[in-house]
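S.K.: Please find the sequence and the predicted model below.
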Amino acid sequence: MLSLSLINRINKLLGTTANAGYVLLIYLSLILVSTARPIYPLPSKTSNGSRQPLQTSRPYNIAHRGSNGEIPEETAAAYMRAIEEGTDFIETDILSSKDGVLICFHDVTLDDTTDIAEHKEFTNLDFTLEELKTLRVKQRYAFRDQQYNGKFSIITFEEFISIALDAPRVVGIYPEMKNPVFINQHVKWPGGKRFEDKFVETLKKYGYTGSYMSKDWLKQPVFIQSFAPTSLVYASDLIDSPKIFLIDDVTIPTQDTNQSYWEITSDAYLDYIKDYVVGIGPWKDTVVPVVHPYTYRNEEMFLHFNFHQDPYEEYDYWINKIGVDGLFTDFTGSLHNFQEWTSPLSKNNIGDDSATKLLNKIASLVASYKN
Ligand SMILES: *[C@@H]1O[C@H](CO)[C@@H](O)[C@H](O)[C@H]1NC(C)=O
């Protein structure tokens, strides 16, 4: 499915090369804080300028829903764990409560990742923030660690931002305007405001601004992502922060304009959308240029056989062969380890050894030790 001709066409249209585009590999990791208490004071302190800056010398490590390979997704604990493990960006999905408060949550329905089934008083999806806060989040996948189920609550967009701003170094945010059509149909804000207005207002309230790599952006990095092209075009009138157009599976039309995968990856469409976005986020199997592909995971069921089901081989392919600019991962720690081994930020560099060579070296060292 990966179409090299598509990559080449997009590169041409966007004026990039594969190396200049972004690719995000999504890795998810989880860590743990021992209680479910809300953790961070609001409003957040702003940078005093002395924090370690965002690294820009290697592909971004983007913590997909926090370190959710370890800790239930989109919780404060999952995001704090990702920060401890070395992530560059924390990624989240923004939805709205019934009363118009923006929250971090992936699904429109609540049952896959919360204990809603135990809360018999809830019979439908129309919940206020206060009601949502009584729920506890659980691990999405049965094959992952279940020990943190029931310990953490859903957090708001503002709480999420505070976690990034309170990090000991500059940590960017990567929020998605999730299901904007659905939300705008069901939630009405005063003054006829739309979901996109509330989303951008929240970013501005906390000082997010500036085009990609500008001084303001580097102080508080943000990428705005959406599968809905009209939301990105609308937001582009409100804020100059970089935007990423997400491209779904080839069988799924866009939720707002009902366009097919083939339409939105046509030359004419990419030529149009490139005025509004700096990058594209495709499935890792349909990769394109300014690209932050998703999602990278450690577990063998998610890994391709041609990488021998080894997540490090998969990272090596995307980082060193394709030249992505970032990776969304469920396992922040494994991507961070890989990058520290192969392109450490510290000066004790290992030269140009490719990751494969390095891993072979380690393997042979281990093998000779065993013998
Ligand atoms: C979306 O497009 C498909 C294919 O062209 C069409 O069959 C369908 O009716 C459209 N849906 C809506 C809601 O317009």
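M.R.: Thanks, I have it.
S.K.: What sits closest to residue 226 if chain neighbours are left out?
M.R.: Nearest non-adjacent residue to residue 226, counting by C-beta to C-beta, 6 or more residues apart in numbering: residue 177, 4.4 Å away. Using the backbone N, CA and C atoms, a C-beta is placed for each residue, glycine as well.
S.K.: Near the one you found, how many other residues are there?
M.R.: Neighbourhood size, residue 177 [other C-beta atoms under 10 Å]: 26.
S.K.: unless I'm mixing things up, residue 114 is touching residue 133, no?
M.R.: No: using C-beta atoms under 8 Å, residue 114 is not in contact with residue 133, being 11.1 Å away.
S.K.: what touches both of the two?
M.R.: By the contact definition C-beta atoms under 8 Å, 6 or more residues apart in numbering, residue 114 and residue 133 are jointly contacted by residue 154.
S.K.: Give me the more crowded residue out of those two.
M.R.: Neighbours per residue, other C-beta under 10 Å: of residue 114 and residue 133, the larger number sits with residue 114, 24 against 17.
S.K.: What's opposite the more buried one in the beta bridge?
M.R.: Beta-bridge pairing for residue 114 (DSSP bridges): residue 137.
S.K.: Quick check: the gap between it and residue 195.
M.R.: Distance of residue 114 to residue 195, computed by C-beta to C-beta, to the nearest Å: 21 Å.
S.K.: Okay, and the beta partners of the most centrally placed residue in the chain?
M.R.: Central residue of the chain (C-alpha atoms, centre = their mean): residue 91, 3.2 Å from the mean position. For residue 91, the beta-bridge partners are residue 174 (DSSP bridges).
S.K.: That one contacts residue 174, correct?
M.R.: Yes: applying C-beta under 8 Å, one finds residue 91 in contact with residue 174, separated by 4.1 Å.
S.K.: Overlap in contacts, those two.
M.R.: In terms of C-beta under 8 Å, 6+ apart, residue 91 and residue 174 are both contacted by the residues residue 62.
S.K.: quick one, helices of the protein?
M.R.: 4-14, 76-84, 129-132, 157-165, 180-186, 195-205, 215-219, 229-236, 261-264, 267-273, 311-316, 332-342, 355-370 (DSSP state H).
S.K.: ok, so what distance separates the closest residue to residue 86 other than its chain neighbours from residue 243?
M.R.: Of all residues not flanking residue 86 in the chain, residue 336 sits nearest, at 3.7 Å (C-beta to C-beta, 6+ apart). Counting by C-beta to C-beta, the separation of residue 336 from residue 243 is 26 Å.
S.K.: Poorly predicted segments of the chain, please.
M.R.: Low-confidence regions of the chain, defined by pLDDT under 70, span residues 1-49, 119-125, 283-294, 300-309, 321-323, 346-371.
S.K.: Can you add mean neighbour count and distance to residue 50 and give the helices of the chain back as TSV?
M.R.: Formatted as TSV, the helices of the chain follow (neighbours: other C-beta atoms under 10 Å; distance: least, C-beta to C-beta, whole Å):
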stretch	mean neighbour count	distance to residue 50
helix 4-14	17	36
helix 76-84	28	17
helix 129-132	16	34
helix 157-165	23	14
helix 180-186	17	38
helix 195-205	19	23
helix 215-219	15	12
helix 229-236	21	32
helix 261-264	15	43
helix 267-273	15	38
helix 311-316	21	32
helix 332-342	22	23
helix 355-370	12	33
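S.K.: Which stretch among these approaches residue 60 most closely?
M.R.: helix 332-342 (9.7 Å; C-beta to C-beta).
S.K.: And that closest one, how far out from the chain middle?
M.R.: 17 Å (C-alpha atoms, centre = their mean, to the nearest Å).
S.K.: Could you list every helix and strand that it packs against?
M.R.: Other helices and strands packing on helix 332-342, by 3 or more C-beta pairs under 8 Å, 6 or more residues apart in numbering; DSSP states H and E, are strand 25-27, strand 60-63, helix 311-316, helix 355-370.
S.K.: what do you get if the cut-off is 6 Å, keeping everything else the same?
M.R.: Helices and strands touching helix 332-342, as assessed by 3 or more C-beta pairs under 6 Å, 6 or more residues apart in numbering; DSSP states H and E, comprise strand 60-63, helix 311-316, helix 355-370.
S.K.: Just the C-alpha atoms of it, please, in PDB.
M.R.: Output in PDB follows, covering the C-alpha atoms of helix 332-342 (Å, rounded to 0.1, in the frame of the first residue of the first chain):
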ATOM      1  CA  THR A 332       8.100   6.500  24.400                       C
ATOM      2  CA  GLY A 333      10.800   4.700  26.200                       C
ATOM      3  CA  SER A 334      11.700   2.300  23.500                       C
ATOM      4  CA  LEU A 335      11.900   5.000  20.800                       C
ATOM      5  CA  HIS A 336      13.900   7.200  23.200                       C
ATOM      6  CA  ASN A 337      16.300   4.300  23.800                       C
ATOM      7  CA  PHE A 338      16.700   3.600  20.100                       C
ATOM      8  CA  GLN A 339      17.400   7.300  19.400                       C
ATOM      9  CA  GLU A 340      19.900   7.600  22.200                       C
ATOM     10  CA  TRP A 341      21.700   4.500  20.900                       C
ATOM     11  CA  THR A 342      21.800   5.600  17.300                       C
END
